[in-house]
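Asks: need the 3D shape of this:
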Amino acid sequence: MSHGVDIFVAVQRVLPKHALSRIIGTIAESKRPWLKNLLIKRAISAFGINMQEAASDNLADYESFNAFFTRALKDDARVVDGDPKSVCCPADGVVSQAGIIDKNRILQAKGLNYSISRLLGNSVSAQRFNNGSFATIYLSPKDYHRVHMPISGTLRATRYIPGELFSVNDKTAQGLEELFARNERLVCEFESESAGNFVVVFVGAMLVAGIETVWGGFEKPGPGAVRESDFSDRQLAYDKGEEIGQFKFGSTAIILFEKDRVTGLEALNPQAPVLMGQQLASLVK
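Replies: Purely as a prediction, here's the structure:
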């Protein structure tokens, strides 16, 4: 680990991350035109956000900075791969890591891995994915911030796990052990005919004002007990490429598949840019 990475992580350890995120979240929800327009213009300039693909490039159409940050795209801005056997990218961003889940652990960065039991907050659920495959997608502030289904499936359960709010960029991933299993996260467990059980994990990060899903709305962040929800009796089925949630700021989405269900994730290159809907891998059956 380099000296620069060491300092970056050390500074985050002492910052009041939850308090900062709540303050930023309050500002980001402000509907004062002068404030939200200033924030939007600064973000577009600072991060190089492509407004040509946004459903609207008129700032007046966004009632707050968060509304802008979770903006919809034009209908033709993303194409969901049409191959019935394809596994699609759930979000825009870059591939942080991808590959095989080895001995109940996922690769985080070179020389660092972490427990999927801790990530999922349930050792029984984790056992299903041992020797399976995974992909971790990092969303930067410039990216489209909605998360979509990698394959078609039915929601079975969710688990909101309170935790830290460290940054999830590459520098922190290289320097902080078990980063994704430390941060606040929402574990979404699905079942499909084509791939058995699979999981989409929304990982919160510093300055993320919240995670929202299409079935449950805003997941209130902060300390407290794990919140588990059973959706097995509601038949909440979603097609490949269908939107299932969104982040209020840059973060990470992780997908997990059972053993011998998916092939190709192990061939993905770290730091490769990806777009929602593009093929990442293929179903085995």
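
Asks: flag every buried residue along the longest helix along the chain.
Replies: The longest helix of the chain (DSSP state H) is helix 33-47. Residues of helix 33-47 classed as buried: K36, L39, I40, A43, I44 (neighbour count, 16 or more other Cβ atoms under 10 Å). Where C-beta positions appear, they are placed from N, C-alpha and C, glycine not excepted.

Asks: which other helices and strands contact it?
Replies: Helix 33-47 sits against helix 17-28, helix 65-69, with contacts defined as 3 or more Cβ pairs under 8 Å, 6 or more residues apart in numbering; DSSP states H and E.

Asks: again, only this time at 7 Å
Replies: helix 65-69 (3 or more Cβ pairs under 7 Å, 6 or more residues apart in numbering; DSSP states H and E).

Asks: got the CA positions of the helix it packs on in PDB?
Replies: Once non-C-alpha atoms are left out, helix 65-69 reads as follows in PDB (Å, rounded to 0.1, in the frame of the first residue of the first chain):
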ATOM      1  CA  PHE A  65     -29.500  18.300  -6.700                       C
ATOM      2  CA  ASN A  66     -30.500  14.700  -5.800                       C
ATOM      3  CA  ALA A  67     -33.200  14.700  -8.500                       C
ATOM      4  CA  PHE A  68     -30.500  15.700 -11.000                       C
ATOM      5  CA  PHE A  69     -28.000  13.200  -9.600                       C
END
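
Asks: what residues does stretch 267-275 touch?
Replies: R78, C89, D92, G93, V94, V95, S96, Q97, A98, A135, I137, L280 (Cβ atoms under 7 Å, 6 or more residues apart in numbering).

Asks: now for those: which two are most distant?
Replies: R78 and Q97 (22.9 Å; Cβ to Cβ).

Asks: for E189, which residues are in contact?
Replies: S125, R156, A157, N197, V199.

Asks: output the lowest mean pLDDT helix or strand found in this structure.
Replies: helix 3-14 (a mean of 39; mean pLDDT, DSSP states H and E).

Asks: counting neighbours, what do you get for the residue nearest to A281 when sequence neighbours are not counted?
Replies: Distance criterion Cβ to Cβ, 6 or more residues apart in numbering; nearest residue to A281, sequence neighbours excluded, is G264 at 3.3 Å. G264 has 17 neighbours, counted by other Cβ atoms under 10 Å.

Asks: rewinding a little: in helices, which of the contacts of stretch 267-275 fall?
Replies: Per DSSP H, helices hold no members of those.

Asks: of all these, which comes closest to G48?
Replies: Scanning those for proximity to G48, where the rule is Cβ to Cβ, the winner is D92, at 13.3 Å.

Asks: what's the closest one sitting at in phi/psi?
Replies: Main-chain dihedrals, D92, degrees, to the nearest 10: phi -70, psi 150.

Asks: hmm, it is touching M276, no?
Replies: Yes. Applying Cβ atoms under 7 Å, one finds D92 in contact with M276, separated by 5.3 Å.

Asks: helices of the stretch 101-250 of the chain, start to end?
Replies: Secondary structure of the stretch 101-250 of the chain (DSSP state H, counting those that start in this stretch): helices at 116-120, 123-127, 170-175, 179-182.

Asks: which stretch in those has the least confidence?
Replies: The weakest mean pLDDT among those belongs to helix 170-175, with a mean of 48.

Asks: quick revisit: the more surrounded of R78 and Q97?
Replies: Under the criterion of other Cβ under 10 Å, the comparison of R78 against Q97 puts Q97 first, with 23 against 19.

Asks: hmm, that one is touching L107, no?
Replies: Yes. Q97 lies in contact with L107 (Cβ under 7 Å); the separation is 4.8 Å.

Asks: show the low-confidence segments of the stretch 1-150 of the chain, by residue range.
Replies: Across the stretch 1-150 of the chain, the ranges flagged by pLDDT under 70 are 1-25, 108-111.

Asks: got the contact list for the residue most central in space within the chain?
Replies: The structure's the chain has its C-alpha centroid closest to A253; by Cα atoms, centre = their mean the separation is 2.3 Å. Residues near A253 by Cβ under 7 Å, 6+ apart: P90, A91, I137, V147, V200, V201, F202.

Asks: for those residues, which one is nearest C188?
Replies: Comparing those against C188 with Cβ to Cβ places V200 closest, at 4.7 Å.

Asks: contact partners for the closest one?
Replies: Taking Cβ under 7 Å, 6+ apart as the criterion, V200 is in contact with P90, V147, C188, F190, I244, A253, I255.

Asks: right, I'll call it a day here.
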